[in-house]
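> Based on what follows, work out the 3D shape:
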Amino acid sequence: MSSLRIVTMPILPRGMVNSFIIVGERPVVVDSGVPGSAPKILAALAREGFAPRDASLILITHRHVDHIGSAAALKRATDAPVAVHALDAEWLSQGDGGPRPPTGWPGRLFDLTGFPGQRAEPCEPDLVIERDFALERYGVPGGVVLHTPGHTSGSVSALLPNGNVLAGDLVIGGVLIGGIVRLRHARKPPFEDDPITVRQSLIQLLDRGASRFYVGHGGPLTAAAVRKYIAQEPRLAASGTVSTSAT
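Residues are numbered from 1 along each chain as shown. Model (predicted):
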């Protein structure tokens, strides 16, 4: 559906943390930002001409606090159901971002600030995702939510028929924690559960036609940038190769 649009909502400056709206027949909010982000997200909905109660769904891509932080507040304001994968649902209901293994020194230093470990207001999910499901009933014809684990065990991505995909933190753009500069340069996130599974999830998205990756930090990223990242990032090393050509 060519009329589907993705609106990026910068939660922190310079793309350091992003949430999104899928604008279709009804708006779908993807990720809720850090605690206290609800007013920014509601303002973004208003700029697109939507009242809070127009939102059809709040989709959480994974359990980390910069994605679940304002889920409870948005749920109250919009009365929209909150969806999260079953493997991350318990963390959302506890307001806890859960384990976050660092991928290198930026993640270790970031952890020392205490920011990644802050708690969110607990939010009971309304829709616990256990298999891929269509977004048509939520106003996004042709859109599908896919289980794309690796960053966390319950990470999901929303793939649209025009090739745009909201991929959480499977990959990020920018430096350090993402954003700031070189926003369209694909690189590893500061935290990640399983890099080999990340590789498999990214290849799955590319094979299904993903051409533009909207991510939680920096971006958006082209398919070519993601292919290059898969091929060159040592942590994703695995048997076989992936072409760096664009799809």
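
> elements contacting the lowest-mean-pLDDT helix or strand in the chain?
Lowest by mean pLDDT, DSSP states H and E among the helices and strands of the chain is helix 105-112, with a mean of 86. Using 3 or more C-beta pairs under 8 Å, 6 or more residues apart in numbering; DSSP states H and E as the contact criterion, helix 105-112 has no neighbours among helices and strands. Every C-beta, even on glycine, is put in place using the N, C-alpha and C of the backbone.

> can you pull the buried residues of it?
In terms of neighbour count (16 or more other C-beta atoms under 10 Å), helix 105-112 has its buried residues at 106-107, 110.

> What's the local residue count around the closest residue to residue 8 other than its chain neighbours?
Leaving aside its sequence neighbours, residue 8 sits nearest to residue 18 (C-beta to C-beta, 6 or more residues apart in numbering; 5.5 Å). By the criterion of other C-beta atoms under 10 Å, residue 18 has 28 neighbours.

> Who are the contact partners of the spatially most central residue of the chain?
For the chain, residue 168 is the residue whose C-alpha lies nearest the centre (C-alpha atoms, centre = their mean; 1.9 Å). Contacts for residue 168 (C-beta atoms under 8 Å, 6 or more residues apart in numbering) come out as 31, 61-62, 67, 148, 151, 155-157, 215-216.

> By neighbours, which of these wins?
Greatest neighbour count in the contacts of residue 168, by other C-beta under 10 Å, goes to residue 216: 33 neighbours.

> Can you tell me how far that one is from residue 122?
Relative to residue 122, residue 216 is positioned 21 Å away (C-beta to C-beta, to the nearest Å).

> same question, residue 3
Here residue 3 is placed at a distance of 36 Å from residue 122 (C-beta to C-beta).

> Neighbour count: the two, which is higher?
residue 122 (14 against 9).

> was I right about that one contacting residue 95?
Yes. The pair residue 122 and residue 95 qualifies as a contact (C-beta atoms under 8 Å) at a distance of 4.0 Å.

> Now do the contacts for residue 62.
Contacts of residue 62 (C-beta under 8 Å, 6+ apart): 85, 88, 151-152, 154-156, 168-169.

> out of those, who's nearest residue 193?
Using C-beta to C-beta, residue 152 comes nearest to residue 193 of the contacts of residue 62, at 5.5 Å.

> where does the chain dip in pLDDT?
For the chain, the stretches flagged by pLDDT under 70 are 1-2, 237-247.

> Grab the longest helix from it for me.
Longest among the helix segments of the chain by residue count, using DSSP state H, is helix 195-207.

> how distant is it from the center of its chain?
15 Å (C-alpha atoms, centre = their mean, to the nearest Å).

> helices or strands next to that helix in the packing?
With contacts taken as 3+ C-beta pairs under 8 Å, 6+ apart, helix 195-207 sits against strand 156-159, helix 223-232.

> Show me what the first one is packed up against.
On a contact count with 3+ C-beta pairs under 8 Å, 6+ apart, strand 156-159 meets strand 144-147, strand 164-166, helix 195-207.

> Residue 219 in helix, strand or coil?
At residue 219 the chain is in coil, as set by DSSP: H, G, I helix; E, B strand; the rest coil.

> Run through the residues that contact the closest residue to it other than its chain neighbours.
Spatially, and ignoring its direct neighbours in sequence, residue 219 is nearest to residue 173 (4.0 Å; C-beta to C-beta, 6+ apart). By C-beta under 8 Å, 6+ apart, residue 173 lies in contact with 15, 179, 182-187, 215, 217-221, 225.
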